[in-house]
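Participant: Whatever this is, show me its structure:
(2 chains)
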Amino acid sequence: DAGVIQSPRHEVTEMGQEVTLRCKPISGHNSLFWYRQTMMRGLELLIYFNNNVPIDDSGMPEDRFSAKMPNASFSTLKIQPSEPRDSAVYFCASSLSGQETQYFGPGTRLLVL
Amino acid sequence: ELKVEQNPLFLSMQEGKNYTIYCNYSTTSDRLYWYRQDPGKSLESLFVLLSNGAVKQEGRLMASLDTKARLSTLHITAAVHDLSATYFCAVDPDFGNEKLTFGTGTRLTIIP
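Facilitator: Next up is the predicted model:
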């Protein structure tokens, strides 16, 4: 079975540029989560969707961050404009509501210069 | 605000020894998760603990949950090098919400 798929795996960009991260959840899962991991702040939940609807976006740092889930098999996290402090590993995870475990993707390592 | 604290943050231990990682959390919850992360890799689910007194074991790892004390432990028995990784606990304080708050992580290094 294919796990959670994220792309790109690595992204290097310059400050001010737009960055789009992509995620394909496990087929059949109806909850999707975006996390950010940094040395300073650890693992933080940014936003999560249930049945393609954003449920909680209280972790989104600021208006420069936006996330969408246009259908059950695809989600994007966009940063516009990007800043050096956005450098982190961004993980997408999915789960089947009521079955507890969140399955994490491989992550996108973002470096903003 | 929910706080999830792990200790120790760093643990270096010899192969064959036993040790315990502690996870304390600040609010009522009946659901606690343990994950493992290898350097540069993703997170892998280890255990899901869903009730007070729950105990789960897989190989040399055993996790338990005491909801009254707001404490979970991850016990390592006769450590081997392959267990070297960072271990995270995570708490879901609102039943059915699925919003996890992760602990700081414990970086475990097993020395031959």
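
Participant: Write down the beta-bridge partners of residue B:21, one by one.
Facilitator: For residue B:21, the beta-bridge partners are residue B:74 (DSSP bridges).

Participant: what do you get for residue A:104?
Facilitator: Assessed by DSSP bridges, residue A:104 has beta-bridge partners residue A:93.

Participant: Likewise for residue B:44?
Facilitator: Counting by DSSP bridges, residue B:44 is bridged to residue B:36.

Participant: ok, now how distant is the most centrally placed residue in chain A from residue A:4?
Facilitator: Centroid-nearest residue in chain A, with CA atoms, centre = their mean: residue A:34, separated by 3.3 Å. Noted for residue A:34: a distance of 11 Å to residue A:4, by CB to CB, to the nearest Å. Yep, even glycine has a C-beta here, placed from its N, CA and C like the rest.

Participant: Now do the shared contacts for those two.
Facilitator: Taking CB atoms under 8 Å, 6 or more residues apart in numbering or on different chains as the contact rule, residue A:34 and residue A:4 both touch A:23, A:92.

Participant: Could you pick out the residues of chain A near chain B for me?
Facilitator: For chain A, the contact set with chain B under CB under 8 Å from any CB of the partner chain comprises A:31, A:33, A:42-45, A:48, A:50, A:56, A:91, A:93, A:95, A:97-98, A:100-107.

Participant: Filter those residues down to the ones in strands?
Facilitator: A:31, A:33, A:42-45, A:48, A:50, A:56, A:91, A:93, A:95, A:103-104 (DSSP state E).

Participant: Once you drop chain neighbours, what's closest to the residue nearest to the centre of chain A?
Facilitator: Nearest non-adjacent residue to residue A:34, counting by CB to CB, 6 or more residues apart in numbering or on different chains: residue A:46, 4.4 Å away.

Participant: Surely the one you found touches residue A:60?
Facilitator: Yes: in this structure residue A:46 lies within contact range of residue A:60 using CB atoms under 8 Å: 5.4 Å.

Participant: what about chain B, any weak spots by pLDDT?
Facilitator: Across chain B, the ranges flagged by pLDDT under 70 are B:95-97.

Participant: and residue 61, how many neighbours?
Facilitator: Let's take chain A. The tally of other residues near residue A:61 (other CB atoms under 10 Å in any protein chain shown) stands at 13.

Participant: I was after chain B.
Facilitator: Neighbour count of residue B:61, defined by other CB under 10 Å: 19.

Participant: ok, what's across the strand from residue A:22?
Facilitator: Under DSSP bridges, the beta-bridge partners of residue A:22 are residue A:7, residue A:76.

Participant: distance of it from residue B:76?
Facilitator: 37 Å.
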